[in-house]
Structure formats: C-alpha cells, structure tokens
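Novice: Give me a model of this one.
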Amino acid sequence: MVEVFSGRTLLNKDGDLVDPELALRNKVVGIYFSAGWCPPCRDFTPILCDFYTELVEEGEPPAQFEIVFVSSDKTLDDMVEYYHDMHGDWLALPWTDEYKHELKQRYNITAVPKLVIVKENGDVITDKGRKQIRDRGLACFGSWLDAAEVFQNFKG
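Specialist: Okay, the predicted model is just below:
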C-alpha cells in the first residue's frame, strides 16, 4: 500500500497525471523538497539526476526507486520551469496541491533542499538522502533498500 501519496495524483514531466498506487508500489521513495530560487537546490539537483539515471534508467534491472518532487517555488510557472529544465524523469506533486504543506510538516522540512527517503508507507528510512548521495553515491541505495525490506519482512 502506497500510503504517503494515497488519494493524491502526481505528475510526470510530460504533464500527464500518474496514479501513485501504481508508480510507487514496492519502491523506495525519495521525497525531494526543492525550489528553483534556491542555489543549493540548483547545485544538488544535477547530482540527483545522475544518481537517478544510473540507478533507475540505466540499471539492469531498474532499481525499485522513485523520486517525487515537492516544490517550494513561489509560482506555478517557476515550478514548471525548474522541473522541466533541471530535474530528472521523475514525478512531482502538483504545485497547486496543498498536501505539500502537510508533507513539509510531517517530515519536519524547515529548509530546502531536503531529500527524505521513505518506505512506501511513508515511514522515514533517512532524512539525510542528500548528504548520503553526496558522500556515498549509488552505494547508499543498498542500505535504503535493506531498511525497506527489513520492514516488509517484519510486517509480513
């Protein structure tokens, strides 16, 4: 059950609506709180793109990982421009969806960028995804997956 985005609709880069139940099922999810006006965000986003591309798009088999961008941009146009110009081929919460405020509160987001890695039910694996990717590269995904699987085995 993909609880964290249950009942919501996400967008892909083409602007198509995506059902989170299908897109996030059995995946480790990176919730990426970011904004185009933020220099550290604009610095980290290309690194995250490379990480995602190597892990998901070039991985054989593709890793069970997805990113959902939650914008802190000031306008819809700003979000769309930043998402299309700098982000990878991952998903986004629509800018108009007020759920972004609940997510920021739930995950204690006080500044951007922040990459929170969660299990599909929304439980936090780490709130230091950005630091871990910078420090460990692709190796950090294994520990995230282990944490998610340990939880699944315990649950099931």
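Novice: in this protein, which ranges drop under the pLDDT threshold?
Specialist: Scanning the chain with the threshold set as pLDDT under 70 gives 1-2, 150-156.
Novice: The same query, at a cut-off of 90, please.
Specialist: Residue ranges of the chain with pLDDT under 90: 1-3, 59-62, 120-121, 145-156.
Novice: Strands along that one, start to end?
Specialist: Along the chain, counting by DSSP state E, strands occupy 10-11, 17-18, 28-34, 65-71, 91-92, 114-118, 124-126.
Novice: Give the partner strands of the last one in its sheet and their orientations.
Specialist: So the one you mean is strand 124-126. Partners of strand 124-126 in the sheet, by DSSP bridges, are strand 114-118 (antiparallel).
Novice: do the same with the third one
Specialist: Looking at strand 28-34 with DSSP bridges, its paired strands and their directions are strand 65-71 (parallel), strand 114-118 (antiparallel).
Novice: Give me the contact list for that strand.
Specialist: For strand 28-34, the surrounding residues in contact (Cβ atoms under 8 Å, 6 or more residues apart in numbering) are 4, 41, 44-45, 48, 64-72, 82, 90, 103-104, 107, 109, 112-120, 125, 129, 141, 144-145, 148. Heads up, the C-betas are built off the backbone N, CA and C, glycines and all.
Novice: Now the buried members of the residues you listed.
Specialist: Buried by 16 or more other Cβ atoms under 10 Å: 4, 41, 44-45, 48, 64-72, 82, 90, 103-104, 107, 109, 112-120, 125, 129, 141, 144-145, 148, out of those.
Novice: Burial check on the closest residue to L145 other than its chain neighbours, number of neighbours?
Specialist: Take L145 and drop its neighbours on the chain: the residue closest to it by Cβ to Cβ, 6 or more residues apart in numbering is V28, 6.0 Å away. Other residues within reach of V28, judged by other Cβ atoms under 10 Å, total 22.
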